[in-house]
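Novice: coordinates only, sequence not included:
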């Protein structure tokens, strides 16, 4: 059963995107990125993700300054999504605004990986389960063991 309140809130967020979300959406909409379809402000369980590609099971989060104080919340949210087989990429707002081409490149590389399978046994330890935490690496660099693989 869908949460009507969450759906209404997601609809409201789609009508009022941030500048960073608006700019990134320009490149994700209409299957422009490698033919993958993305949706905006998608409810998944008790959470709403900024962008979601069902086929690739990939969520993209654009984080503003409020996320600095919400790390535990974000970690719990990412864990919830990973247990359901959804990969999460996180970018800071300023990362999207100042280096949009690099952000799109990282998303494109992630789309090349096979989608993860939800599995209670893996609990996110499979190397395909990847959370790119904003600020941990420069765009274009390969993932390192600096806490991004789970």
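Specialist: Everything's here; your move. Predicted model, so just to flag it, every value in this text is computed and none were measured.

Novice: against residue 25, how distant is the residue nearest the centre of the chain?
Specialist: Within the chain, the residue whose C-alpha comes closest to the C-alpha centroid is residue 60; the distance, by CA atoms, centre = their mean, is 1.8 Å. In this view, residue 60 and residue 25 are 10 Å apart by CB to CB, to the nearest Å. To be clear about C-beta, it is placed using only N, CA and C from the backbone, and glycine gets the same treatment.

Novice: rewinding a little: shouldn't the residue nearest to the centre of the chain be within a helix?
Specialist: No - counting by DSSP: H, G, I helix; E, B strand; the rest coil, residue 60 is located in no helix; its state is strand.

Novice: now it. Nearest residue, chain neighbours left out?
Specialist: Residue nearest to residue 60 in three dimensions, not counting chain neighbours: residue 51, with 4.1 Å by CB to CB, 6 or more residues apart in numbering.

Novice: helix or strand for that neighbour, which one?
Specialist: Using DSSP states H and E, residue 51 maps to strand 47-53.
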